[in-house]
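Chemist: The sequence isn't on hand, but the structure is:
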Ligand SMILES: Nc1ncnc2c1ncn2[C@@H]1O[C@H](COP(=O)(O)OP(=O)(O)O)[C@@H](O)[C@H]1O
Ligand SMILES: Nc1ccn([C@@H]2O[C@H](COP(=O)(O)OP(=O)(O)O)[C@@H](O)[C@H]2O)c(=O)n1
Ligand SMILES: [Mg+2]
């Protein structure tokens, strides 16, 4: 019988970061960006005079991350960076990294973080937006630490789409995008990876009061109605 993986971790709850935390964090973020300029090797994250607004989108395979990201882009003008899509694009570029990435994805494992973060960083640096949805990232503590090392930035929002395994398996097997990892053998491996590596990251952000847990069962529109208020609460996004 499939289980709801999130129930494995009582720490996961839809917390709201306290105003005090948020103010302190905003000051820290602004402070760290005022000392570093893009020329000093950090991600050039100044856009139109604004510091970046970063959202991580977490959840198991098939929980609906990509689908909800499309709605967030339409309603709040974010740039959607899917770590999985960036990795699959690297595979088609026939680089040496590409071959290794393909093997890792087939095994449902996590690609070395410096590869993934380099791809994300390139997209951020070449974008003229300052609002980013980073979908399917971070998927491990190593991912999270590498992103923070490179960008010195922490996310403003972390969304977690909480979905029963049975529903995730059903959606992935019906996805029909011709993906090499959408088969029953690989999905089982991906779910094990999700439990062992992804959930600790969800817990990390839950403890820091940044996590918004979304019940990912229901229609895509019903789920988005839980997502909308999370972004609507950040008035800086409407400017
Ligand atoms: N709320 C939903 N109910 C049923 N199917 C969904 C829902 N949200 C997404 N799907 C479908 O499930 C599959 C996985 O969705 P996707 O957004 O790719 O999830 P993820 O990026 O988390 O793997 C897709 O075929 C998508 O059309
Ligand atoms: N941060 C990430 C994101 C994805 N990946 C790899 O890419 C695969 C597909 O990721 P995805 O986000 O497109 O998958 P879905 O959750 O959308 O089904 C994952 O199963 C991993 O093998 C990774 O190694 N590191
Ligand atoms: Mg996806």
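Modeler: The structure has been received and is ready for your questions. Since the structure is predicted, the reported quantities are computational estimates derived from the model, not experimental observations. Ligands and ions are numbered 1, 2, ... in the order given.
Chemist: Spit out the contact partners of the closest residue to residue 76 other than its chain neighbours.
Modeler: Among residues not flanking residue 76 along the chain, residue 231 sits closest, at 4.8 Å (C-beta to C-beta, 6 or more residues apart in numbering). For glycine as for every other residue, the C-beta is placed from the backbone atoms N, C-alpha and C. Taking C-beta atoms under 8 Å, 6 or more residues apart in numbering as the criterion, residue 231 is in contact with 72, 75, 76, 157, 237.
Chemist: and residue 74, how many residues sit next to it?
Modeler: When neighbours are counted by other C-beta atoms under 10 Å, residue 74 registers 10.
Chemist: Check residue 142 and give its pLDDT.
Modeler: Listed pLDDT for residue 142 reads 98.
Chemist: Let me know the secondary structure of residue 81.
Modeler: strand (DSSP: H, G, I helix; E, B strand; the rest coil).
Chemist: quick one, helices of the chain?
Modeler: Counting by DSSP state H, residue ranges of the helices within the chain are 19-35, 65-76, 83-92, 96-106, 113-126, 141-151, 165-173, 184-193, 199-207, 220-232.
Chemist: Please produce TSV containing the ones you listed, extended by distance to residue 51.
Modeler: Formatted as TSV, the helices of the chain follow (distance: least, C-beta to C-beta, whole Å):
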stretch	distance to residue 51
helix 19-35	5
helix 65-76	17
helix 83-92	22
helix 96-106	30
helix 113-126	12
helix 141-151	11
helix 165-173	34
helix 184-193	32
helix 199-207	19
helix 220-232	17
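Chemist: Nearest to ligand 2, out of the ones you listed?
Modeler: Checking the helices of the chain against ligand 2 by C-beta to the nearest ligand atom gives helix 83-92 as the closest, at 1.8 Å.
Chemist: so what secondary structure elements neighbour the closest one?
Modeler: helix 96-106, helix 113-126, strand 131-135 (3 or more C-beta pairs under 8 Å, 6 or more residues apart in numbering; DSSP states H and E).
Chemist: Highest mean neighbour count out of these?
Modeler: With neighbours defined as mean count of other C-beta atoms under 10 Å, these peak in mean count at strand 131-135, which reaches a mean of 24.
Chemist: So what sits opposite the residue lying closest to residue 83 once chain neighbours are set aside in the bridge?
Modeler: What sits nearest to residue 83 in space, not counting adjacent residues and going by C-beta to C-beta, 6+ apart, is residue 137, at 4.1 Å. Bridge pairing for residue 137 (DSSP bridges) gives the partners residue 57.
Chemist: Residue 137 reaches residue 147, doesn't it?
Modeler: Yes: the pair formed by residue 137 and residue 147 meets the contact definition of C-beta atoms under 8 Å, at 7.4 Å.
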